[in-house]
Structures are given as C-alpha cells and as structure tokens.
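*Asks:* fold the following, please.
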Amino acid sequence: MGLFSKKSSKTDVSTGKATSTSLEKGLENTRESVLKKLSRAVAGKSKVDDEVLDNLEEVLITSDVGVDTTLEIIERIQQRVARDKYLGTDELNRILREEIAALLAKQPQAEGKDFSLEGLSRPYVIMVVGVNGVGKTTTIAKLAWHYKQRGYQVILGAADTFRAAAIDQLQVWADRVGVSLVKQQMGSDPASVVFDTLQSAKAKNTDVAIIDTAGRLHNKVNLMNELGKIKRVMQKVIPEAPHEILLVLDGSTGQNAFEQARQFTEVTQVNAIAVTKLDGTAKGGVVIGVSGQFHIPVKYIGIGEGMEDLRPFDKDEFVASLFPSG
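*Replies:* Purely as a prediction, here's the structure:
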C-alpha cells in the first residue's frame, strides 16, 4: 500500500489510537475551494481564451499560490494555448496538473525525503526554525518518531530556552516518542544546549540530532545573531553541521507563510521546508507558491494530527490531489 493510498492506518502516540488519513482527505478543503473557483472561472466558456486566463490568474492568487508563481503558471499555459488555439476548458484540470508539476520539478530536491539516512553523514543534524505557533515542536516530535520507526537513534536538543513552555512541551513529546532530550534551564544559552546535544550525539553514535530553536527574538538582528552563533557552535563539534535547516510554516496562514519564509531565508540558509496544518484549511496552494518563489524544496507536509500525517512531499501526488482527473 503506497504512502498516499486511499486508506492508511497510523497511530497517534499522544492517544495510542489508530487513525486513518489520506492525502485526498487532508487536502479536501483546498481542493473543493480551488475546483469551485475554477468552475466559476470557466462558466459559459468552451475554450481557454484571454478571459479564462485572467479568471484563472485570480483563482490561483486567491488560492494562496502567490503572485510570482501564479504569473509563471499562467505564462506556461499561454504558451500551450498559442500552440493549440482550441484548447478546451474541460481540459483545464489536466493542464494545471501538468504545468504545476512541471514547475515544481524544476525546484531543488530535498535529500532523505523518505526518512532514510542512507549516504548521509551521521549524526545527521537538523536545525528546525520557524515562528511560535506554526507546529514546530510537534513537527520535531513527528520527525523523531519517523526516524525511530526506521530504526535510527534520535536525540533532541531544546535550544528554545526563551520559553519554559517550549522546553516542557519538547520533554513531553520526547517521552511519548521514546527519544533522548538534552535541555537546560529557561534562560540558558541556546548554543550551550546545542553543544551538549551534539557532544552527546557523537559520544553515543546517535544517527539523528534534531535541534529546536527560538520561534521569535526581539528583532531580525537578534534572530540572525542567535542562529549564527548556534551554527558556529555546532561546527565546533561537527564541522559540516547543520546538514539541514528545516523551516516550519503554518499552511493555514496563507500569504503570511510567504512573509515568514522571507524573514527566515534572509537570516539563515534554509534548505528544506515543512508546511503544516494543511488539513482543515483551504489555503493549501501555499505549498506550490512557497517552493516556487524561494527555490527551496518543500520536504514535508502535515495533513493531520497523527504521527504518520507528517508526510514526505510528493509533487505529483499533491498536484493530482488538488486537480483530480475525472
């Protein structure tokens, strides 16, 4: 049974209960919203003309695909219309599916998307960044769970020392998942926590070290300085660390996610993105736009509460779920 199969059994470790989620179900609200808008865009039209393209542009922008990515998609479709003067509106889903998938295929691809560390350095160090409230801590827990399920040893580092709640929450998740956590008191130097975490990871031959970081500091300069210091300290222990800087974005915030991505990519070298909370929102188009605009691969998407509902992002399956055939 494939990863994005119609039915897949999974367990939420917070409850111990089996759940059942699918990509189609997780993207249901986004898909229904997009298809409804598309239906209105082509109403009374039999072929794709300038008016339909104008309406389609509005559909994509209001679906949180983003202006830059929308314009690129429209341009690609205009080129197809120029080749085929009688392109029918009934083919629009297929055209969108093909062009958006082609657009995403041009973006950089993330390493280890199936939670495999084959060919990667160990301990593989992941520094997780993002503003408070986007699902950063639960994403870390889900990552740890996935790696542990595959037989890897995992250690977490509680380097968000500005909030006691952040440390306590990470401890709860570490206990539930059954992995080690390195922490200090609230107000401690985050870089010190990172140093201890990586020293422990090396000493114990741990496979994966996942580092939580502060969701927000006083200003951009402080954030840049803090993340820069953490990276320098990491490299004293493991010269090539961090191997991955994972930015967590809340998909339900739509355009605000673009602004968060802009801020974090300006202060650190993000090389992977996780878009969470896509279930229950009609703003799933942000996945397409954020990858296209920032040229950073979306590595994971979150479509539910269960541990397995943090999924490796598959562009073809994602686009096919938004624009179904038939």
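*Asks:* number of nearby residues for N219?
*Replies:* 9 (other C-beta atoms under 10 Å). (Glycine included, C-beta is placed from N, CA and C.)
*Asks:* likewise for the one 10 residues further on?
*Replies:* Counted by other C-beta under 10 Å, the residues lying close to K229 total 14.
*Asks:* do K299 as well
*Replies:* By the criterion of other C-beta under 10 Å, K299 has 21 neighbours.
*Asks:* just checking: what are the partner strands of the helix or strand containing it?
*Replies:* Taking DSSP states H and E as the definition, one finds K299 inside strand 298-302. According to DSSP bridges, strand 298-302 has the following sheet partners: strand 272-276 (parallel), strand 310-312 (antiparallel).
*Asks:* tell me the buried residues in the first one?
*Replies:* By neighbour count with 16 or more other C-beta atoms under 10 Å, strand 272-276 contains the buried residues A272, I273, A274, V275, T276.
*Asks:* same thing with the last one?
*Replies:* Within strand 310-312, the residues scored as buried using 16+ other C-beta under 10 Å are L310, R311, P312.
*Asks:* same list (those residues) but as JSON lines, adding distance to F294 and pLDDT.
*Replies:* Rendered in JSON lines, the data for the buried residues of strand 310-312 read as follows (distance: C-beta to C-beta, whole Å; pLDDT from 0 to 100):
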{"residue": "L310", "distance to F294": "20", "pLDDT": "93"}
{"residue": "R311", "distance to F294": "20", "pLDDT": "92"}
{"residue": "P312", "distance to F294": "19", "pLDDT": "92"}
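*Asks:* tell me the one of these nearest D189?
*Replies:* For the buried residues of strand 310-312, the residue nearest D189 by C-beta to C-beta is L310; the value is 29.8 Å.
*Asks:* buried residues in stretch 96-114?
*Replies:* Counting neighbours by 16+ other C-beta under 10 Å, the buried set in stretch 96-114 is L96, R97, E98, E99, I100, A101, L103, L104, A110, E111, G112, K113.
*Asks:* check contacts around the residue nearest in space to the middle of the chain.
*Replies:* Nearest to the centroid of the C-alpha atoms of the chain, with distances taken as C-alpha atoms, centre = their mean, sits A274, at 1.6 Å. If you count contacts by C-beta atoms under 8 Å, 6 or more residues apart in numbering, A274 has them with T139, L246, L247, V248, L249, V298, K299, Y300, I301, G302, L310.
*Asks:* give me phi/psi at the third one?
*Replies:* For L247, the backbone dihedrals (degrees, to the nearest 10) come out as phi -90, psi 120.
*Asks:* again with the fourth one
*Replies:* Phi and psi for V248, reported as degrees, to the nearest 10, are phi -100, psi 130.
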